[in-house]
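K.L.:
What follows is a predicted protein model with its sequence.
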Amino acid sequence: MSVSINVTVNGRGYQEEVEPRLLLADFLRDVLGLTGTHVGCDTSGCGACTIIVDGKAVKSCTLLAVQADGADLTTIEGLASNGALHPLQEGFHEEHGLQCGFCTPGMIMAAWQLLERNPNPSDAEIRHALEGNFCRCTGYENIVKSVRAAAGSAA
């Protein structure tokens, strides 16, 4: 049995038939081919699958695709505009906020929500906003610098 869903992903509408048990992360990756959303743990612990759902950062491994019916989703692929990187993507590039890059899409999407709510966060606020996202490579200093650079903050 499959269920029909309608979603908008990165500004484009999709109507798809999905299995009721299909995770949103798997829908994005396997059905839509948007592989920037990473699946690291399948338990919502790592944050690599973080996307924006109706304006809120959500770990897409915690939602079923059918729960996203009617939602507006933004993935890491949807941040760049006309070939230009989003300031957060540029910040991670310029400030060396990534090493292996596995956690980077989730970090950027979580940071996007922070900057939407607080365009000039302190380092402590950045760290707090990213608490649900794990990086095993960087030690977080350059991630904080990357978000600060994107915010234009001198904090």
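P.N.:
Okay, I see it. Numbering: from 1, shown residues only.
K.L.:
which residues touch N133?
P.N.:
Contacts for N133 (C-beta atoms under 8 Å, 6 or more residues apart in numbering) come out as C46, G47, A48, T50, C103, G106, M107, A110. Bear in mind the C-beta positions are built from the backbone N, C-alpha and C, glycine included.
K.L.:
And it, how close does it get to V144?
P.N.:
Distance of N133 to V144, given as C-beta to C-beta, to the nearest Å: 12 Å.
K.L.:
What backbone torsions are found at G33?
P.N.:
phi 80, psi 20 (degrees, to the nearest 10).
K.L.:
Report how many residues lie close to it.
P.N.:
8 (other C-beta atoms under 10 Å).
K.L.:
Same check on K56?
P.N.:
Neighbour count for K56, taken as other C-beta under 10 Å: 9.
K.L.:
swap in H93?
P.N.:
Neighbours of H93 (other C-beta under 10 Å): 14.
K.L.:
Three-state assignment for it, please.
P.N.:
Here H93 is recorded as helix under DSSP: H, G, I helix; E, B strand; the rest coil.
K.L.:
How much space separates it from A150?
P.N.:
In terms of C-beta to C-beta, H93 sits 10 Å off from A150.
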